[in-house]
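Undergrad: Got a predicted model here, sequence first, then my questions.
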Amino acid sequence: MSEQSKKAQDFAALHVPGDPLVLYNIWDAGSAAAVVKAGAVAVATGSWSVAGAQGYGDGEQLPLSQLVQIVERIVQTVEVPVSVDFEGGYAVAGAALTGNVAQIVAAGAVGLNFEDQIVGGTGLYGIEEQSERLRAVRAASADLFINARTDLFLKQQDTSRHAELMEEAIQRARAFAAAGASGLFVPGLVDLELIAQICKASPLPVNVMMRTEAMTRKSVARAGVARCSYGPQPFVQAMQTLAQTYLALS
């Protein structure tokens with residue numbers, strides 16, 4: 001077994017429902033080294049943060065070749081498993097998508113986030129189309145931890161209507177699992193009762209994005225979450241600290 005395959009297995013084993021893996025999202029080799037020095041057992045990038053640190057907007061505006069170089073530097077800097085927020089994979093489907101994922105795997109990543117939002121368009125891919133896209137991602141690597149992200153809840157800003165989306169979210173979870181996904185990511189879902197429902201129904205370990213004060217590691221653990229992440233928050237806070245420190249000099 002290769003070292004990368006071993007890391008992929010170790011990373012998958014960290015996804016324990018009720019005892020969630022904490023991923024405080026990083027954006028480059030330096031930020032990865034900082035959180036590992038603080039005790040992180042794995043690291044994951046946030047696409048918004050990686051793009052922002054290079055002067056780009058989110059939504060695959062950062063060139064793929066540049067992203068691959070950043071991933072390589074992160075992997076070469078830390079010993080822990082590395083997962084990459086790969087947005088929509090920089091391709092719609094088929095061999096192009098498989099080839100792009102293969103570049104991320106060749107750079108040393110053992111996991112990635114793969115979303116069902118149509119990057120550069122509107123709405124989400126249908127369940128069957130996204131399942132086919134997931135099969136193209138899986139074709140790049142048998143070991144890769146594919147965190148299948150559904151943006152159903154992010155697209156509905158009115159959180160009081162999130163309960164209406166649960167049935168489709170569970171349908172997507174089941175279809176994505178059958179297509180080869182390893183985990184289910186539901187950013188935007190913040191109601192702990194609904195999170196508990198989806199954890200119970202999903203055949204895949206569930207990842208949430210920590211967006212409210214009520215979402216602590218302890219509270220989402222009780223709901224059955226296996227992974228909690230922070231999206232762009234660490235980068236935003238770091239940039240705010242930088243600016244405030246500069247202002248304090250005057």
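TA: That came in fine, so what should we check first? Numbers count the residues shown, from 1 in each chain.
Undergrad: quick one: the helices in the protein?
TA: Ranges of helices within the chain are 3-13, 29-37, 47-53, 64-77, 94-106, 127-138, 152-155, 166-178, 192-201, 217-223, 233-248, based on DSSP state H.
Undergrad: Out of those, flag the one nearest N113.
TA: helix 47-53 (7.8 Å; Cβ to Cβ). For glycine as for every other residue, the C-beta is placed from the backbone atoms N, C-alpha and C.
Undergrad: Can you give the distance of the closest one from its chain's centre?
TA: Remark: helix 47-53 is offset 13 Å from the chain centroid, using Cα atoms, centre = their mean, to the nearest Å.
Undergrad: what does stretch 210-230 give?
TA: Centre-to-centre, stretch 210-230 and its host chain are 15 Å apart (Cα atoms, centre = their mean).
Undergrad: cool, and stretch 89-108?
TA: When C-alpha coordinates are averaged (Cα atoms, centre = their mean), stretch 89-108 and its chain have centres 16 Å apart.
Undergrad: In it, which of the residues would be classed as buried?
TA: G89, Y90, A91, L97, T98, N100, V101, Q103, I104, V105, A107, G108 (16 or more other Cβ atoms under 10 Å).
Undergrad: now do stretch 74-85
TA: Residues I74, V75, T77, V78, V80, P81, V82, S83, V84, D85 are the ones in stretch 74-85 that count as buried (16+ other Cβ under 10 Å).
Undergrad: Mean pLDDT and distance to N113 added to the helices of the chain, as JSON lines?
TA: Below are these laid out as JSON lines (pLDDT from 0 to 100; distance: least, Cβ to Cβ, whole Å):
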{"stretch": "helix 3-13", "mean pLDDT": "97", "distance to N113": "13"}
{"stretch": "helix 29-37", "mean pLDDT": "98", "distance to N113": "16"}
{"stretch": "helix 47-53", "mean pLDDT": "98", "distance to N113": "8"}
{"stretch": "helix 64-77", "mean pLDDT": "98", "distance to N113": "13"}
{"stretch": "helix 94-106", "mean pLDDT": "98", "distance to N113": "11"}
{"stretch": "helix 127-138", "mean pLDDT": "98", "distance to N113": "11"}
{"stretch": "helix 152-155", "mean pLDDT": "97", "distance to N113": "13"}
{"stretch": "helix 166-178", "mean pLDDT": "98", "distance to N113": "12"}
{"stretch": "helix 192-201", "mean pLDDT": "98", "distance to N113": "17"}
{"stretch": "helix 217-223", "mean pLDDT": "98", "distance to N113": "18"}
{"stretch": "helix 233-248", "mean pLDDT": "98", "distance to N113": "16"}
